[in-house]
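1. Need the 3D shape of this:
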Amino acid sequence: MFETLTGRLNEVFDRLRRRGRLSETDIDAGLREIRLALLEADVHFGVVKALIGRVRERALGAELSRALSPGQQVVKIVQDELILTLGEAVPLHLTGPRPRVIMLVGLQGSGKTTAAGKLARLLKSSGERVLLVAADPYRPAAVQQLQQLGGRLDIPVESDPQLNPVDLARAAREKAALGGFGVVILDTAGRSQLDAELMDELRRVASATMPVETLLVLDAMTGQEAVNIAQGFRDDMPLTGLILSKMDGDARGGAAISIRAVTGVPVKFIGTGEKLDALEKYDPARLASRILGMGDVIGLIERAEGLLDEQEARAGAEKVMRGSFNLEDWLQQMKQVRKLGSMSQILDMLPGQLGQAARQASPGALDKGLKVSESIIQSMTGQERRSPELLNASRRRRIAAGSGTSVQEVNHLLKQFRETQKLMKVMQNSGRGSLENLFR
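-> Numbering: from 1, shown residues only. Predicted coordinates:
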């Protein structure tokens, strides 16, 4: 997310931090580079001008902190003003009589159907009974796509090729009321561009179902076009929020920074991947931290809480602390980590050098390394996993052949494992090798 922009900003910040004192010339030079980086990332020029103006005014003012160096203070000011530009977090409005209807609108190709599945999964995980409605009879396979998503989530999907979208939406709402559903999500029709026919149909669907939320799904990768589309929808119908899809991309994604300031419509969710769990509630402070390369540890913790088996993770940690951690346990830990998403996404949410390492790694290299390690361990027998000391030269050749790797790669993995064991012994000997200290 924002890899190029984050890299450019960090270069500027590093230079500012290295200076003991900052002159007005230093600040202006740094702000020129920040302005250029934001414009190249497709942030709206008016938003960039206002943001840089506020940062300059504060940076040249009397805002001094004994705890921060001048360079650090500039970074803090940029962070504050970026959060202000991103707007406030606005939760879903799920109050009133059930069922509460959420209508998703947007152009074709924006990721609307996938967003419907992601949102349904998120609401189901919070205890809601959800009904999905395939109200897009025009796009080929749109109904089938939503039905497949519903099947994977064990969420019913309402569709009827004999009914037009307005009558289908009305009938689905009535069915949901009788069936005890708490939320109805309408996946409405889109077009390749805004037109009067599309907007008229959407207004009639809204009139028939009285949605508590009308969310516009936008492809963040379309840059300033996403801002223009949002303005077009906002002018024709009452939007309550935005869902920015494909935020895991890089090019032109900076338009997401300016969309709240330009349109006045709050962003409620961001899509960070193709998987159904890759939907995050919009949090300006956390997003600003990720843009500036400061990570999002809170987001990583929330992702882990929702996806990882706490009992299994704790049992693995206890084995590590006791020094009884073997390759079988290591394999289980790898599978746990894989649940969180790609390794580059995970490391990108960490602050400091780990986050920077994720942005410098070649695409897919981290995930490929993890898959290779899993393949090697899975090619071992159960006895070999539990007792790695049995792995002599002939066994290593057999494992390399079975995993499609080389003996050198097998040796490298075993070396990593031995180094991990040594580290755990050092922690134990230093008095920090207890589970309580690990999670403290």
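
2. C-alpha from now on. contacts and neighbour counts both.
-> Fine.

3. Would you mind writing the CA trace of stretch 139-155 as PDB?
-> Taking C-alpha atoms only, stretch 139-155 is exported to PDB below (Å, rounded to 0.1, in the frame of the first residue of the first chain):
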ATOM      1  CA  ARG A 139     -23.300  -8.100 -16.000                       C
ATOM      2  CA  PRO A 140     -22.500 -11.600 -17.200                       C
ATOM      3  CA  ALA A 141     -21.900 -14.000 -14.300                       C
ATOM      4  CA  ALA A 142     -22.600 -11.300 -11.700                       C
ATOM      5  CA  VAL A 143     -25.300 -13.400 -10.100                       C
ATOM      6  CA  GLN A 144     -23.100 -16.600 -10.200                       C
ATOM      7  CA  GLN A 145     -20.200 -14.700  -8.600                       C
ATOM      8  CA  LEU A 146     -22.200 -13.500  -5.700                       C
ATOM      9  CA  GLN A 147     -23.700 -17.000  -5.200                       C
ATOM     10  CA  GLN A 148     -20.200 -18.500  -5.100                       C
ATOM     11  CA  LEU A 149     -19.200 -16.000  -2.500                       C
ATOM     12  CA  GLY A 150     -22.300 -16.700  -0.500                       C
ATOM     13  CA  GLY A 151     -21.600 -20.400  -0.700                       C
ATOM     14  CA  ARG A 152     -18.100 -19.900   0.700                       C
ATOM     15  CA  LEU A 153     -19.400 -17.800   3.500                       C
ATOM     16  CA  ASP A 154     -22.500 -19.900   4.200                       C
ATOM     17  CA  ILE A 155     -24.600 -16.800   3.600                       C
END
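
4. Now find how far off-centre it is within its chain.
-> 22 Å (CA atoms, centre = their mean, to the nearest Å).

5. Likewise for stretch 71-81?
-> A distance of 24 Å separates the C-alpha centroid of stretch 71-81 from that of its chain, computed with CA atoms, centre = their mean.

6. Also stretch 7-16?
-> Using CA atoms, centre = their mean, we find the averaged C-alpha position of stretch 7-16 to lie 24 Å away from the chain's own average C-alpha position.

7. residues making contact with that stretch?
-> Stretch 7-16 is touched from outside by 22, 26, 30, 33-34, 37, 70-72, 75, 292-293, 359, with contacts defined as CA atoms under 8 Å, 6 or more residues apart in numbering.

8. Which parts of it count as buried, going by neighbours?
-> Gly7, Arg8, Leu9, Asn10, Val12, Phe13, Leu16 (16 or more other CA atoms under 10 Å).

9. Save those as TSV, and put in distance to Arg418 and secondary structure too.
-> Rendered in TSV, the data for the buried residues of stretch 7-16 read as follows (distance: CA to CA, whole Å; DSSP: H, G, I helix; E, B strand; the rest coil):
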residue	distance to Arg418	secondary structure
Gly7	34	helix
Arg8	38	helix
Leu9	38	helix
Asn10	35	helix
Val12	40	helix
Phe13	38	helix
Leu16	41	helix
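
10. Between which two of those is the distance greatest?
-> With distance counted by CA to CA, no two of these lie farther apart than Gly7 and Leu16, which are 14.5 Å apart.

11. Pull out the buried residues from stretch 87-107.
-> By 16+ other CA under 10 Å, the buried positions in stretch 87-107 come out as Gly87, Glu88, Pro99, Arg100, Val101, Ile102, Met103, Leu104, Val105, Gly106, Leu107.

12. Identify the residue nearest the geometric centre of this structure.
-> Computing the C-alpha centroid of the chain and ranking residues by CA atoms, centre = their mean puts Thr272 first, at 3.3 Å.

13. residues contacting the residue lying closest to that residue once chain neighbours are set aside?
-> Ranked by CA to CA, 6 or more residues apart in numbering and with sequence neighbours excluded, the top spatial neighbour of Thr272 is Asp248, at 4.6 Å. Contacts were defined as CA under 8 Å, 6+ apart; by that measure Asp248 touches Met1, Phe2, Gly271, Thr272, Gly273.
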